[in-house]
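[1] quick check, what structure comes out for this input:
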Amino acid sequence: MLEKYSFTDAILLSVARETQSHEYYSLLANAMKNEESAVKIRNLASVEAVHRRESIKLFKKLVGAEPDTSKIVLTPYPEIPKDTANIHEVLKFAADKEKDAYKFYRELASKTDDAQIRKLFLKFSAEELEHCDLLTEEAAALSGQMGSAAIQESSGMEY
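    Reported below is the predicted structural model:
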């Protein structure tokens, strides 16, 4: 997946992806009718903001300059539906993006000999996998596929 990128370019890509995720989840949380779901999505947004800050800090450390993501073109997230009856489709899409992010950070971790950087990316990958699970559970809950016990269990996740 990252063969065509240098390590620093991959970190720059990380900054762009985390920025996109943070912005999208912030908008999505504001559109959610269910406040419990909105809180979970806001939590995701805040974790993505942490990933972004850490990626920026690492880029500055390695390159000695501010990251410029203006030339990076990312696959856009779907438009947030006005009718939240279809919100589960958006959540499924976001879950797939989180699974991709999990793989991305695992691969980045394997490309460095620096134990501290590897640890950071492995932490990111674990968090992205947790996001994928949370989004999948929310999509199922909002589309009525989960029982009430499973919905309550998923609401206890913290970040």
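[2] quick one, helices of the protein?
    Secondary structure of the chain (DSSP state H): helices at 7-31, 35-63, 87-110, 115-142, 148-154.
[3] for the ones you listed, which one sits closest to Pro78?
    Closest to Pro78 of those, according to C-beta to C-beta: helix 87-110, at 5.5 Å. Placement of C-beta: from N, CA and C, glycine included.
[4] and that closest one, what's buried?
    If you call a residue buried by 16 or more other C-beta atoms under 10 Å, then helix 87-110 has these buried ones: 87-88, 90-92, 94-95, 97-99, 101-102, 104-109.
[5] same question, stretch 71-80
    Result for stretch 71-80 [16+ other C-beta under 10 Å]: buried residues 77, 80.
[6] same thing with stretch 113-120?
    Using 16+ other C-beta under 10 Å as the test for burial, stretch 113-120 gives 117, 120.
[7] show residues contacting it.
    54, 58, 109-110, 112 (C-beta atoms under 8 Å, 6 or more residues apart in numbering).
[8] same thing but at 7 Å, please
    With C-beta atoms under 7 Å, 6 or more residues apart in numbering as the test, stretch 113-120 has contacts from 54, 58, 109, 112.
[9] do stretch 60-74 as well
    Contacts of stretch 60-74 (C-beta under 7 Å, 6+ apart): 8, 11-13, 15-17, 19-20, 56, 59.
[10] thanks a lot, catch you later.
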